[in-house]
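J.: Next input, structure requested:
(chains A and B)
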Amino acid sequence: MKERTIQILSQIFQIVLELDDSEDPKSIRRINEIRWDSIANVTLATAIESELNIKITVSDMDRFTSFKSIELLINEKFND
Amino acid sequence: MIKDKQFEVNITTQDCIEFAQISGDWNPLHTNAEYSATSVYGQQVLHGAYSAGLISRLAGMYIPGKECLLYGMKLKFINPIIPPLTIKVIGKLVKFINNTGKVEVNIINKTSGELYVEASYEFGMHSMNETIDNHLLPLSDNNNNKNVILVTGGNGALGNAVLKRLGNNGIALRRNLDNDRLSITNIIQDANLKNGSEITAIIHCGWPKPDNRKFIDIDNAEDPIEYHISGPLKDIQILSNIISKYGIENAPLILIGSTAAEPGRHNFRMPLYSIAKSTIPTLVNLLSLELSSKNKRCYGVVFDLLDGGMNKGLSEASKIANADKSPWGILFKPDDAASQIIWLLENQSKLLNGSLINLTGGVLP
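T.: Numbering: from 1, shown residues only, chains lettered A, B, ... in the order given. Below you'll find the predicted structure:
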């Protein structure tokens, strides 16, 4: 389950942030990724909601700071 | 880690009395046989909160055991526990991610299986790997140096890391046991000042541990304000006094600001701590003026959240969130910060006075 989640999340990052094949989504952090703007942030949230069938709340958006942080958030939601 | 645990406890009316002695809850339903005989239960009823103690035992002794940091618990009292009887406490780990977990608990009658309490608790883990050296050494036996560097907060992560780097030149200052404050008498004794030692620098890392109460929710604010705000100001006044009298020429008083020196850090979730630390920029300005007249200096250093000390118990999510605010994507270690303090000590210039030096690595607020 976890591997599958990471795979889907990686694809979402690749598509939304238009990453090159050489860029590893897992190392992406918002602070130094210029393509991760406010629109991309919302797009990431809606894509994650629809692809992983989970609900992202407004407070969850505070944790949209990196791939790793979002991965942890998703795992917590699956385990609740 | 154990995932399931059960244990049994024999309950008698004596437990009602002993719990009342500890808690001060002498409600006669729990403690007076005559009174409780007239109640709907007909007998003494065990305090509901007694169950919380059993859940604490489950957490602290079994799931997860000795490294437990209990974050919170929820209890629902389904049926009254009426002694004498034997109850069974049954715990099951239902979630464990990134060193935080959740356990569901049922407390039942051992014989009938009747359910008394439904509960759950959440926990984190405190690491056992990182130990803090006790650096409070009696100087008369240990230190023959004439030039010493005094460090407060030697039992905290940063103070301890600084002392390790300073070796025999560093001296951890003791606090008074009765009021947890520094005193001139202790400092003079610790630093052997009467015997001619001179102070090269004072590094002030020691602050009271923050609490997380909202400012408006603090009852009887006088003592908390004394402890968290007035006390730390008095400490700094004493340290200024000491460096003024016993410091060598150009000796600095260095105030370590950490994260809360800037308003907005911690989202003001530690209000008294934030208020106390927010005085550092002003203190640096005024002490740099006052101490310069004695040929001494004062400056402050601000770090961001360090990976250790009072932040050791942060959840994985919180650590990631803080690391994500840094361009480097990591939390720096106490020793990284200590190395920068040592670097600053090497700078004896009078230009280094009145400055609040930001060494956060470019972290965003």
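J.: tell me the contacts of A:Lys77?
T.: By C-beta atoms under 8 Å, 6 or more residues apart in numbering or on different chains, the contact set of A:Lys77 is A:54-55. (C-beta placed from N, C-alpha, C; glycine too.)
J.: The helix or strand where it lies - what's its average pLDDT?
T.: Under the criterion of DSSP states H and E, A:Lys77 resides in helix A:67-79. Here helix A:67-79 scores 91 as its mean pLDDT.
J.: Quick check: buried residues in it?
T.: The neighbour-count check on helix A:67-79 (16 or more other C-beta atoms under 10 Å in any protein chain shown) flags A:67-76 as buried.
J.: and B:Thr360, helix, strand or coil?
T.: coil (DSSP: H, G, I helix; E, B strand; the rest coil).
J.: What about residue 37, how many residues nearby?
T.: Went with chain A since none was named. Here the count is done by other C-beta atoms under 10 Å in any protein chain shown, and A:Asp37 has 12 residues near it.
J.: Actually, chain B is the one I wanted.
T.: Neighbour count of B:Ala37, defined by other C-beta under 10 Å: 11.
J.: list the contacts for the closest residue to it other than its chain neighbours?
T.: Spatial nearest neighbour of B:Ala37, excluding adjacent residues (C-beta to C-beta, 6 or more residues apart in numbering or on different chains): B:Gln43 at 7.0 Å. B:Gln43 sits next to B:33, B:36-37, B:82-83 when contact means C-beta under 8 Å, 6+ apart.
J.: ok, of the residues you listed, which come out buried?
T.: Using 16+ other C-beta under 10 Å as the burial test, these include B:36, B:82-83 as buried.
J.: Remind me which helix or strand B:Leu70 belongs to.
T.: Using DSSP H and E, B:Leu70 sits in strand B:68-77.
J.: mind saving the C-alpha coords of that strand as PDB?
T.: Extracted in PDB, the C-alpha atoms of strand B:68-77 (Å, rounded to 0.1, in the frame of the first residue of the first chain):
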ATOM      1  CA  CYS B  68       6.700   6.500  26.400                       C
ATOM      2  CA  LEU B  69       5.700  10.200  26.100                       C
ATOM      3  CA  LEU B  70       2.000  10.200  26.800                       C
ATOM      4  CA  TYR B  71       0.300  12.900  24.600                       C
ATOM      5  CA  GLY B  72      -3.300  12.400  25.800                       C
ATOM      6  CA  MET B  73      -6.000  10.000  26.700                       C
ATOM      7  CA  LYS B  74      -9.700   9.600  26.300                       C
ATOM      8  CA  LEU B  75     -11.900   7.700  28.700                       C
ATOM      9  CA  LYS B  76     -15.600   6.700  28.500                       C
ATOM     10  CA  PHE B  77     -17.000   5.300  31.700                       C
END
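J.: and that strand, how far from the chain's centre?
T.: The chain centre lies 20 Å from the centre of strand B:68-77; the measure is C-alpha atoms, centre = their mean, to the nearest Å.
J.: Least confident secondary structure element in chain B?
T.: helix B:139-142 (a mean of 40; mean pLDDT, DSSP states H and E).
J.: what's the burial count for B:His47?
T.: Applying other C-beta under 10 Å, I find that B:His47 has 21 neighbouring residues.
J.: Can you tell me the closest non-neighbouring residue to B:Ser292?
T.: Nearest non-adjacent residue to B:Ser292 (C-beta to C-beta, 6+ apart): B:Asn353, at 6.3 Å.
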